[in-house]
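# Okay, here's the prediction I keep looking at, along with the sequence it came from:
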Amino acid sequence: MTIPRINHLLQQREGLRLEFKEAVSELPATLFETVCAFLNRAGGDILLGVADDGRVLGVNEVRVAQLVKEIVNLSNNPQKLDPPFILLPQVTEAEGKKLIHIQVPESSQVHKSKGVVYDRSEDGDYKLTNHTAIAELYTRKSASYSENTIYAALRFSDFKPELFPKIRNLIRSRDYDHPWLSLDDEQLLRKAGLYRRDPQTGLEGYTLAAALLLGHDEVILSVLPHYKTDALLRRQNLDRYDDRLYVQTNLIEAYEQLMDFIAKHLPDKFFLEGAVRISLRSKIFREVVANLLVHREFTSGYPARLVIYADKVVTENANRPHTYGRLLPENFSPFSKNPVIAKFFTQLGHVDELGSGILNVNKYLPHYTPGKAPVFEEGDVFKMTIPLEVPPVGGVSEGVNSGSGGVNNGVKGNDAVNGGVSGGVSGGVFGGVNDVTKIRWETILHLLLKQEGLKASKIAEETGFPQRTIERDLNQLKEREVLVFKGAPKTGGYFITEKAKASMSR
């Protein structure tokens, strides 16, 4: 969450979607009552370290990391929150003091805290003890979120078994102690909210969200025959297309396929964020693709579409709007259209938090396409327009090379290191690879020259590239005797070989 967004929240009063709580050294006793109420009503923001009247008190800096850890662990504890909903609190600052920000989406399930159902009003959190009111809450949730639709005939065998190791690897790369990692596959699905029981009808089973995230292709199409995502390249042939990707697979593999399509047709630029070079293309379009897949109304027959033109990328998908018109980072209130699917993508690291798409695209696009701004339009069809620099004569490869130049410009303070990598490239260490791969490999080597012994997950995190891509690159660099892995599988890391260092120094 950006500092301007936090300052904007601090200027408001507590209400339906905003709660301030003091938390100098301990978590407030009523924290999970508020979390439960937000999940059951409309979601919202909780700021720890702030008095009820908006005064910034701060959180003890010595305790802040432990409190964040406690929030994550307790949100997975059914005694505190049932069903569990893993939260991702963020540490931020205001007036020079540490705060903890918890963004809570509206959930598509009914939650309890210590066995009690809580709801939210402008005046705060209140217990629901009336059976009629609780039943109405279940009814509202069931009617609002199609992802919750139960398919009692779905079986565990209808899910792709090869996805579970991939899921665990993605989660482990972000959090080695994530509570889902200790569960077996069926337990993981239940914890993720992909198996539910309707207390009104007694019907129970796996949900539409489970089928979309993990189902075999034929299972997904039997549930949603109209389901598809169409990706098109329209630079030359504007009536039809220059290239096309037709996606009718699970959301996890759909994300990877769409990111590969974007990498194939859009140049990359690198940006120095602190001491780390990041891929601007990855930072921007991971949000675009995740939004296209996660925040759509799947029961609609309107096809989801991503179109790459010479000067822009446009996406469209069916939507269940909470407002109408253009969304701006300074005034929008994020709503999750499919909270269970969105939560799952967050645990995989494909999105940061609710609302991160608009914030991150607006943050990084000025470095990727200077002087341009994205457009997000909410309506029955949600539309994103991401402007591009018109590529020079010669096409994308020249745009990629210009991105490489952006890297060198961005690391002037590391001329010796960067020059060594570039020298290694020109000296033939990476002969026979395309420009996109060359830039990626340069980035990996640049990072390892400064910090040897990193694992693949850390390299992916620091560079911004998908971990699957990084692992493939590392294997190829090992085959070329550029890198070597040293140490045990769990604790070891990658090092540049002496042979490669000698080649770079020439």
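Thanks, I have it. Numbers count the residues shown, from 1 in each chain.
# Thr369 against Val390, yeah?
No: in this structure Thr369 lies outside contact range of Val390 using C-beta atoms under 8 Å: 9.9 Å. C-betas here are computed from N, CA, C, even on glycine.
# The two: who's more crowded?
Legend: neighbour count by other C-beta atoms under 10 Å for Thr369 and Val390, higher for Thr369 (20 against 11).
# Give me the distance from the helix or strand hosting Ile134 to the chain's centre.
For Ile134, the host element (DSSP states H and E) is helix 131-144. On the basis of C-alpha atoms, centre = their mean, to the nearest Å, helix 131-144 sits 30 Å off its chain's mean C-alpha point.
# For that helix, buried residues please.
For helix 131-144, the neighbour count (16 or more other C-beta atoms under 10 Å) marks Ile134, Leu137, Tyr138, Lys141, Ser142 as buried.
# doesn't Leu213 make contact with Ile341?
Yes: contact criterion C-beta under 8 Å: Ile341 and Leu213 qualify, at 6.4 Å.
# Okay, now the unreliable bits of the stretch 1-150 of the chain?
Residue ranges of the stretch 1-150 of the chain with pLDDT under 70: 1-2, 142-144.
# Which residue ranges of it form strands?
Using DSSP state E, counting those that start in this stretch, the strands of the stretch 1-150 of the chain run over 18-21, 44-48, 90-94, 97-104, 112-113, 116-121, 124-128, 150-151.
# Identify the contacts common to Ile341 and Leu213.
Taking C-beta atoms under 8 Å, 6 or more residues apart in numbering as the contact rule, Ile341 and Leu213 both touch Leu251.
# coming back round to it: CSV please, covering the buried residues of helix 131-144 and showing distance to Val62.
Formatted as CSV, the buried residues of helix 131-144 follow (distance: C-beta to C-beta, whole Å):
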residue, distance to Val62
Ile134, 41
Leu137, 40
Tyr138, 43
Lys141, 40
Ser142, 45
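# of all those, which comes closest to Ile220?
Using C-beta to C-beta, Ser142 is the member of the buried residues of helix 131-144 that sits closest to Ile220, with 21.3 Å.
# looking at this protein, which helix or strand does the model trust least?
helix 396-410 (a mean of 38; mean pLDDT, DSSP states H and E).
# so where is the stretch 351-500 of the chain shaky, pLDDT-wise?
Low-confidence regions of the stretch 351-500 of the chain, defined by pLDDT under 70, span residues 353-356, 391-436.
# where along it do the strands fall?
375-378, 381-387, 483-486, 493-496.
# Can you tell me how far the closest residue to Gly205 other than its chain neighbours is from Lys127?
Of all residues not flanking Gly205 in the chain, Ala152 sits nearest, at 4.0 Å (C-beta to C-beta, 6 or more residues apart in numbering). Between Ala152 and Lys127 the distance is 32 Å, computed by C-beta to C-beta, to the nearest Å.
# what about those two, which has more around it?
The neighbour comparison of Ala152 against Lys127 (other C-beta under 10 Å) goes to Lys127, with 14 against 10.
# Which strand residues bridge the residue nearest to the more buried one when sequence neighbours are not counted?
Closest residue in space to Lys127, ignoring its immediate chain neighbours: Val116 at 5.4 Å, by C-beta to C-beta, 6+ apart. In this entry, Val116 is beta-bridged to Ser113, by DSSP bridges.
# List the contacts of Val116.
By C-beta under 8 Å, 6+ apart, Val116 lies in contact with Glu33, Cys36, Lys127, Leu128.
# Assess the claim that Arg197 and Leu203 are in contact.
Yes: checked against C-beta under 8 Å, the pair Arg197 and Leu203 is within contact range at 7.3 Å.
# Spit out the residues that contact those two alike.
Ile150.
# Give me the buried positions along stretch 28-44.
31-44.
# what does stretch 172-186 give?
In stretch 172-186, counting by 16+ other C-beta under 10 Å, buried: Ser173, Arg174, His178, Pro179, Trp180.
# what residues does it touch?
Contact with stretch 172-186 is made by 73, 76, 86, 156, 164, 168, 171, 188, 191-192, 347-349, 456-457, 460-461, 467, as judged by C-beta under 8 Å, 6+ apart.
# okay, how far is it across it, tip to tip?
End-to-end span of stretch 172-186 (C-alpha to C-alpha, to the nearest Å): 18 Å.
# same thing with stretch 24-39?
For stretch 24-39, the separation between the terminal residues is 25 Å (C-alpha to C-alpha).
# ok, now stretch 15-31?
End-to-end distance for stretch 15-31: 15 Å, by C-alpha to C-alpha.
# and the closest residue to Ile459 other than its chain neighbours, what does it touch?
Spatial nearest neighbour of Ile459, excluding adjacent residues (C-beta to C-beta, 6+ apart): Ile470 at 5.3 Å. Going by C-beta under 8 Å, 6+ apart, Ile470 touches Ile444, Ala456, Ile459, Ala460, Thr463.
# Tell me the one among these nearest to Arg120.
Using C-beta to C-beta, Ala460 comes nearest to Arg120 of these, at 37.9 Å.
# ok, the closest one - how many residues close by?
When counting by other C-beta under 10 Å, one arrives at 25 neighbours for Ala460.
# what's the answer for Pro78, then?
Pro78 is flanked by 11 other residues according to other C-beta under 10 Å.
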